[in-house]
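Asker: next input, structure requested:
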Amino acid sequence: MKKLFYLSLIAFTFYSCRSRTVPTDLAAHFDKILQNPQTMAKYQTVKTPGIKSLMLSFDFGSNQLKDTSLIKQLKDARIKYITYAYSDYKKEAKFKQDEFNRERFYSLYQQLPAVFKDTTIHWQVINQNEAKDQASAAKLLHGFVLYYRPTPTMAARKKEIADFKKKIKKLLDDVEPKASESGGDYVYGYARDSVTTISGADYIKYVKDTTVTAVLDRNKNWKKMLIHCDLTGSMMPYAAQLFVWHRLNIDKKKAQYFVFFNDGDNTPDAQKKVGKTGGIYHTKTSNFKQLMTVADTCIRNGFGGDAPENDVEAILSGLQKCPDCEDIILIADNWANMRDYRLLSKINKPVKIILCGTYFGINTQYLDLARATGGSIHTIEADITNLMKLREGEKIKIGKYTFLIKNGRFVKV
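Answerer: All right, here's what the predicted structure looks like:
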């Protein structure tokens, strides 16, 4: 009896002490993130172009991170998404998963307190229910996966530009024969009358995320397009798709005008003025070689990463240059907010937004832009055209996520 008493006392002390290891204010903050977890059999790390991931894991049954030295890889990185995954298998019926999750969050907090203060980071909580015993539970991921983009360096930028040009050339070489010496109408070294349709297989060989091509091919009714494209570093794979698509459709005259932007031509952030940031380049679409020259200048003069971009300024500039254009297109980086978000009301035409990098959900600022202008959102999977019909308090589900109209703006539920 005495032995049983001591065992009970030890168990009581273990559970009660654990619950006190997390400060009350932090526990409340952690609980907001942990509520409504998504249940799936097994979580696997997401692999998507331009995004790196770092796994900070725990052993099954442990609340202490296994290797905190990995955190040095995040120096100056821009973290955008964090997934916390755990198994719902319990060795003991009395085990309190909610307390244990808080302890693991506290372990991360002690190493990276900044991620809990950064309101731009999106959290996802995954409850894995595949395990039926401790051995199978131990094989599942327990811990945090941080998805980020490294801070750009000049060396990385130069390599990015070289790879970008090489990718475009390779794609064009695959789908168009070289111009012959017999004459003809040439654009960028290729005969206009030799254009063929590029197949999905050709793109997939060189472009892992075919968002831009998929959207443009799906919306064949778009015409007299005014296309605005973010040409900061992370957008290079998507820009390559745009240029190849345009080259293959140049005779159809679907696009009339291009606007490229890089958020200020290397201007320090502290000196950038909303609406007057600069780094905006314009060109007509009929001469492909000239178009590529203008795009190259924009890319080389910019050094953007994932800081806010001057999307609205670029759109307003484009509308001035081509007031007769019909379909207004914005090819935007879903990871980056709009520097000039507060200027949405100045846009007087519907904007069709092709969003790149939406695996983890849609940036609500672009939902607001589409709704405010009577426009639409376009991802690799779908075209969302009914945003203007939504009223205050109404919800819409896009992919795996639900959004609510609150005070005239979208918020993620």
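Asker: dig out what His282 forms beta bridges with.
Answerer: Val259 (DSSP bridges).
Asker: which residues touch it?
Answerer: Applying CB atoms under 8 Å, 6 or more residues apart in numbering to His282 gives the contacts Tyr257, Phe258, Val259, Phe260, Val294, Ser317, Gly318, Lys321. Backbone N, C-alpha and C define where each C-beta goes, glycine included.
Asker: the residues you listed into a markdown table, with extra columns for pLDDT, distance to Ile353 and neighbour count?
Answerer: A markdown table is the format used below for these (pLDDT from 0 to 100; distance: CB to CB, whole Å; neighbours: other CB atoms under 10 Å):
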| residue | pLDDT | distance to Ile353 | neighbour count |
| --- | --- | --- | --- |
| Tyr257 | 97 | 17 | 19 |
| Phe258 | 97 | 16 | 26 |
| Val259 | 98 | 14 | 25 |
| Phe260 | 97 | 16 | 26 |
| Val294 | 95 | 22 | 17 |
| Ser317 | 97 | 17 | 18 |
| Gly318 | 97 | 14 | 25 |
| Lys321 | 96 | 19 | 15 |
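Asker: pretty sure Ala28 sits in a helix.
Answerer: Yes. Under the criterion used here (DSSP: H, G, I helix; E, B strand; the rest coil), Ala28 sits inside a helix.
Asker: so where's the stretch 301-413 of the chain uncertain?
Answerer: 303-306 (pLDDT under 70).
Asker: tell me where it has helices.
Answerer: 311-321, 364-373 (DSSP state H, counting those that start in this stretch).
Asker: helix, strand or coil for the closest residue to Arg342 other than its chain neighbours?
Answerer: Closest residue to Arg342 apart from its sequence neighbours, by CB to CB, 6 or more residues apart in numbering: Val274 at 7.0 Å. The local conformation at Val274, judged by three-state DSSP, is coil.
Asker: could you report the pLDDT at Val274?
Answerer: At Val274, the model reports a pLDDT of 93.
Asker: go on, Ala41?
Answerer: 96.
Asker: what's the closest non-adjacent residue to it?
Answerer: Closest residue to Ala41 apart from its sequence neighbours, by CB to CB, 6+ apart: Glu130 at 4.1 Å.
Asker: which SS class is the one you found?
Answerer: Glu130 ends up coil, using three-state DSSP.
Asker: residues near it, how many?
Answerer: If you count neighbours by other CB atoms under 10 Å, Glu130 ends up with 15.
Asker: tell me who's in contact with it.
Answerer: Glu130 makes contacts with Ala41, Lys42, Ser87, Ser136, Leu140, as judged by CB under 8 Å, 6+ apart.
Asker: distance of it relative to Phe144?
Answerer: Glu130 sits 19 Å away from Phe144, going by CB to CB, to the nearest Å.
Asker: equivalent analysis for Phe260, please.
Answerer: Applying CB to CB to Phe260 and Phe144 gives a distance of 37 Å.
Asker: same check, this time on Cys356
Answerer: Cys356 is 25 Å from Phe144, by CB to CB.
Asker: what's the nearest residue to Ala295 if we skip its chain neighbours?
Answerer: Phe260 (5.5 Å).
Asker: nope, Asn407 is what I was after
Answerer: Glu392 (7.8 Å).
Asker: give me the phi and psi angles of the one you found.
Answerer: phi -50, psi 130 (degrees, to the nearest 10).
Asker: can you offset everything so residue one is 26?
Answerer: OK, 26 is where the count begins now, so the last one is Glu417.
Asker: verify the stated contact: it with Ile430.
Answerer: Yes. Here Glu417 reaches Ile430: they are 5.4 Å apart, a contact under CB atoms under 8 Å.
Asker: can you pull the buried residues of stretch 153-160?
Answerer: Neighbour-count burial for stretch 153-160, counted by 16 or more other CB atoms under 10 Å, picks out Gln153, Ala156.
Asker: about what we covered before: compare the helices of the stretch 326-438 of the chain and report which one is nearest to Asp408.
Answerer: Among these, the nearest to Asp408 by CB to CB is helix 389-398 (10.9 Å).
Asker: okay, angle between the closest one and helix 336-346 too, please.
Answerer: Counting by axes from the mean of the first three to the mean of the last three CA atoms, to 10 degrees, helix 389-398 lies at 40 degrees to helix 336-346.
Asker: okay, which residue is most central for this protein?
Answerer: Gly382 (3.4 Å; CA atoms, centre = their mean).
Asker: tell me the contacts of it?
Answerer: Here Gly382 is in contact with Thr73, Pro74, Gly75, Ile76, Asp234, Thr236, Ser259, Asp358, Asn359, Trp360 (criterion: CB under 8 Å, 6+ apart).
Asker: and the pLDDT for the first one?
Answerer: Put plainly, it is Thr73. pLDDT, Thr73: 76.
Asker: you'd agree it is up against Tyr384?
Answerer: Yes. The pair Thr73 and Tyr384 passes the contact test of CB under 8 Å, sitting 5.3 Å apart.
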